[in-house]
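*Asks:* One predicted model, sequence on top.
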Amino acid sequence: MIKRLLIANRGEIAIRVARTAAALGVETVGVYTADDATSLHIKHTDRVRALPQAGVAGYLDIDALIAIATDTGCDAVHPGYGLLSERADFADACAAAGLVFVGPEGATLRRQGDKVSARALAETAGVPVLRGSDLLATAADLHAFFDAQGGAPLMIKAVNGGGGRGMRIVQAADEIDAAFAQAQAETLAAFGDDQLYAERFLQSVRHIEVQIVGDGQDVTHLWERDCTVQRRHQKVIELAPAPNLSDATRDGLLNAAVAIGRACGYRGLGTVEFLVEADGAFYFIETNPRIQVEHTITEEITGFDLVEIQLGLASGLSLAQVGLGDAPARPKGFAVQARINAETPDGQGGFTPTGGRLDTYAAPLGPGVRIDSYAYAGYSTNPSFDSMLAKLVVHDTSGDLGRLFARAERALSEFQIDGVGTNIGFLRSLLKLPAITAWDVDVRTLDTQSLDMSAGDAGQARYFEAEATEAADTHDIPEGAEALRAPMQAMVQEVQAAVGDQIAKGQVVAVIEAMKMQHTVLAEAGGVVVAVYAQAGETVASGTPVLAFAPDDTLDEIASDDAVADPDHIRPDLQALNDRLARTLDENRPKAVERRRSRDQRTTREIVSALCQGGDFHEYGQLVLAGQRRKLGIDALIDVSPADGIVTGVGAMNADRFAEDRSQVALLAYDSTVMAGTQGYFGHLKTDRMIEVAKERGLASVFFTEGGGGRPNDDDFAETVQSGLKVTTFAEYARLRGWGPRITVSSGFCFAGNAALFGAGDIRIATRNSWIGLAGPAMIEAGGIGAYHPKEIGPAPMHAENGLLDILAEDDDAAIQATREVLSYFQGPLADWDAPDQRLLRHMIPENRKRSYLIRPVIEGLADTGSFLELGAEHALGMVTGFLRIEGRPMGVIANNPQHLGGALDAAASAKGARFINLCGRFNLPVLSLCDTPGFMVGPESETQGAVAAACELISAGANLDAPMFFVCLRKGYGIGAQAMAAGSLGEPAFSLAWPTGEFGPMGLEGAIQLGYRKELEAETDPDKRAALYDRLVAGLYERGSAMNVASTHEIDAVIDPADTRGWIAKGMRMAARM
């Protein structure tokens, strides 16, 4: 067991730890800085030592703390909360000095305390997270991430630490620079570490955290706390357990928190924090690997002393040995904590820290009332530290929230603090707010609701009041000058104006710090500085003059003119961004460009530019690097892994021909010059982000998939990602639906995961120099299948024949053009079009019903000039499929090919037709069906090809087509095959037409005669007479099945002049457009 404990903290938490240590017989050593020598915590430890530095820096001095611990014979260190509590280097330093760190070990702090790594761990544990950035080294990184999110609101956060420090909401690009600088400075001051990251900002959510406890072998929980009621990201009151939470959501939160703890073998106390939406959806945001300010309410509802548990676990005890071996008992009632701060309303909906001497300090007492504080009468507050004076904790076992809040408000009314302003009146008003008493709150409730923040209207004070003391103004302001005063008690960090300087209205003249947050002091008018009173490092009271200036209205305009004198000036931060982005571009990657040229291929960025010809492209994730920082370092990665090998963004395709809402496309293109186009950890995140954008905005997508599959050496995540099989890219891409199709394009080698994405395309295009396979040479050889050259695996011409490819293009330029053309059919009608002479159609079907003909000239003759684009030309030759336009309107076409099996539908033709009809149906494209078939192909060999299943797929596709189908029988329409070409029945299409050459029947005429008149034919023994009988019977059936005769029994809608076909189709399209 621990014998002597250094408490490396101050204020109420140091007192809290000391009390439990004393109860356990553990001797304690406290520390303090010279400017904090009157803080009550130094009276609660057995020994006390001074720190060499002043202010927060003193409590962040690791070397000094370790020296004090070793000099005083301590065997353990308790970091409390804040300050060094989440610093892995502090935990490591303790371990190196032979001291027990009361908290998780350094490795866990790095993984959990670093919020970026913690998010990655949560994902591996199957816990949902918000979209977030990497570490933000500069404001330029934040600009890039903001752009990559499409300008959606973001929240900047500190990678280490908590308490709302370093948090800023960014809703517009022009807010980024100031927000980043403020957050970075604030984080550095609060935690000694200025690392930041950003994540998606949700407006209306609850903030719920789960208390976890682990012994390194297992993890349990002690229920949850609701910390939703916040002011500007800082908690005001906390409640445990969370009310108005469904059992399913609560169980989900508790299980998720425990899963995260178990995923890293957590040891110690920890808090796993979530944002919870109204529908119960929740997202992990961070883990605080330490004791929390609000641990008090968990102690009240569970009966456990959390500090005692901490000390026991740090001494090597198990969960069972600290009393947590069984499932946690149900909470006992509710407990609420309110933070009493030395602050007063600022008149603008916020609070300003106050300062001074506490003339009176009297805390409330009574059943269920607990006070954790370090304040006392005579104490003078210190602006270098947090303004919290005390924590009021009220516990009620009835389960009645109204009763709990009433008791808490009564306790606040008995809380007397004189000499400094406090937020007690605000808290009393808050606890009476209907939204609070009903707990109908979200994290923005206090920022959006009007609430009386003054003490005077909060209700009766249950003590005799004394007047607060005010700081006297000892500065004489020169006659004719005006004073610029400090808005709060604070320490001056910097004065940016000197006597004689001209200042403009709104100009920053000083930076002050209070509550570990930096604030700017702005000039209220233009003028000339005549006196400077404040100095850096000095503490000033609220209202103290910082400087005096002689007003001069003309200086505002002068300053304004200066500010915009050179709008083309590039600031250093912008130049840094431009330089970083430039390293991703082709002109700065000559070797990579040369490799593409040697293979007669375009570069990835050239492809994207060509796709967006006539439109714009906004790139997402251009600054992303491969997950190999530990191995290669960031500077090397900038050169070897630009954009992590995949260019993603939203671009405008065919913008010169179509409206903006039908030209915006999600574009993704692997770059095979970057790590062979392999799929890295961050590359998957970029892909997932782009899929999410496409899903949310309903975009079509184009994906160039060249690359070698999964990347096994992104070692930054080797500790948290083992199988990599929870990647959602493939599932999300497969279910992506937008206004247009998923078009995938392959050029070069496309293996493994890249091939899986290629095959998921609705329309698949490949260049002739493509090789596509589910594994590359290395995996094939590793599987014992043999050694193969990459060009022996899945050549594109072979895939064109087997049906994988819809279009086989000669080269990259042809593939790009085909992509643009395919997309155009889903973008809408064209105003300009021409049509061939329709009279020529009258002569395209031979009068001899047994003579074959070419079907493609018929399609081209019907379509707008040059508008027919065939898909799958090399596959399933019996069925022709593609897109065309009629009077500018796009549609799909399926047509039997009489030059292949006489137009009979074999299995391949049926499957091809079914796939194409389903594609048109998904995007509401009408389908033109040109029928000339003797029916489905039959026979033993046909059945080996799965003819029955394929035939049924074709019938089902047509029958379930939501878009209109237009049926035209060119010549033969026999059997179920003809019905399949008509969506299952001649009565299904919007219209069923025939040309004069059309003929119909339940089966082929010759087969029908042989089947139905076998006895009559066999009875005629004279061969010549039998042949004559056969011809008469065939002629009779032909007459009965002629188009005109079938029309006379109303089995089709009309027999038409072929030259009128376009008119029928155009009319049908216009009618469909009005529906």
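*Replies:* Cool, got the structure.
*Asks:* nearest residue to the residue nearest in space to the middle of the chain other than its sequence neighbours?
*Replies:* Geometric centre of the chain, nearest residue: Arg131, 3.1 Å, by CA atoms, centre = their mean. Ranked by CB to CB, 6 or more residues apart in numbering and with sequence neighbours excluded, the top spatial neighbour of Arg131 is Arg200, at 4.6 Å. Yep, even glycine has a C-beta here, placed from its N, CA and C like the rest.
*Asks:* Quick one: residues contacting the one you found.
*Replies:* Counting by CB atoms under 8 Å, 6 or more residues apart in numbering, Arg200 makes contact with 130-132, 149, 152-155.
*Asks:* ok, the residue nearest to the centre of the chain touching Lys686?
*Replies:* No - applying CB atoms under 8 Å as the test, Arg131 and Lys686 come out as separate, 11.0 Å apart.
*Asks:* measure Val702 to Ile607 for me?
*Replies:* Counting by CB to CB, to the nearest Å, the gap from Val702 to Ile607 is 10 Å.
*Asks:* Which pLDDT does the model give the residue nearest to the centre of the chain?
*Replies:* With respect to pLDDT, Arg131 scores 81.
*Asks:* Name the nearest residue to Val968, ignoring sequence neighbours.
*Replies:* Leu993 (4.8 Å).
*Asks:* number of nearby residues for the one you found?
*Replies:* The local packing of Leu993 (other CB atoms under 10 Å) involves 24 other residues.
*Asks:* and if you look at Val219?
*Replies:* 24.
*Asks:* partner residues bridging it?
*Replies:* Gly214 (DSSP bridges).
*Asks:* Look up how far Thr997 lies from it.
*Replies:* From Val219 over to Thr997 the distance is 78 Å, taken as CB to CB.
*Asks:* what's the pLDDT at the closest residue to Ala676 other than its chain neighbours?
*Replies:* Distances taken as CB to CB, 6+ apart place Gly708 nearest to Ala676, at 4.3 Å, with adjacent residues excluded. Looking at Gly708, its pLDDT reads 92.
*Asks:* same deal with Thr45?
*Replies:* Value listed for Thr45 in the pLDDT field: 97.
*Asks:* ok, now Asp305?
*Replies:* pLDDT recorded at Asp305 is 97.
*Asks:* if you skip the residues just before and after it, what's nearest to Ile780?
*Replies:* Using CB to CB, 6+ apart and skipping residues adjacent in sequence, the residue nearest Ile780 is Tyr788, 5.8 Å away.
*Asks:* pLDDT below threshold where in the stretch 451-600 of the chain?
*Replies:* Flagging of the stretch 451-600 of the chain using pLDDT under 70 yields the residue ranges 451-474, 515-516, 556-565.
*Asks:* could you pull out the helices for it?
*Replies:* 554-563, 572-582, 590-598 (DSSP state H, counting those that start in this stretch).
*Asks:* okay, Thr881: pLDDT?
*Replies:* Looking at Thr881, the pLDDT reads 98.
*Asks:* so how far is Ala54 from it?
*Replies:* 79 Å.
*Asks:* more crowded one of those two?
*Replies:* Neighbour tally, Thr881 and Ala54, criterion other CB under 10 Å: the higher count belongs to Thr881, 24 against 14.
*Asks:* Just give the closest residue to Val159, not the sequence neighbours.
*Replies:* Spatial nearest neighbour of Val159, excluding adjacent residues (CB to CB, 6+ apart): Gln195 at 3.9 Å.
*Asks:* and Pro795, what is it in contact with?
*Replies:* 770-771.
*Asks:* Please name the bridge partners of it.
*Replies:* Beta-bridge partners, per DSSP bridges, of Pro795: Trp771.
*Asks:* the bottom helix or strand of this structure by mean pLDDT?
*Replies:* Lowest by mean pLDDT, DSSP states H and E among the helices and strands of the chain is helix 554-563, with a mean of 57.
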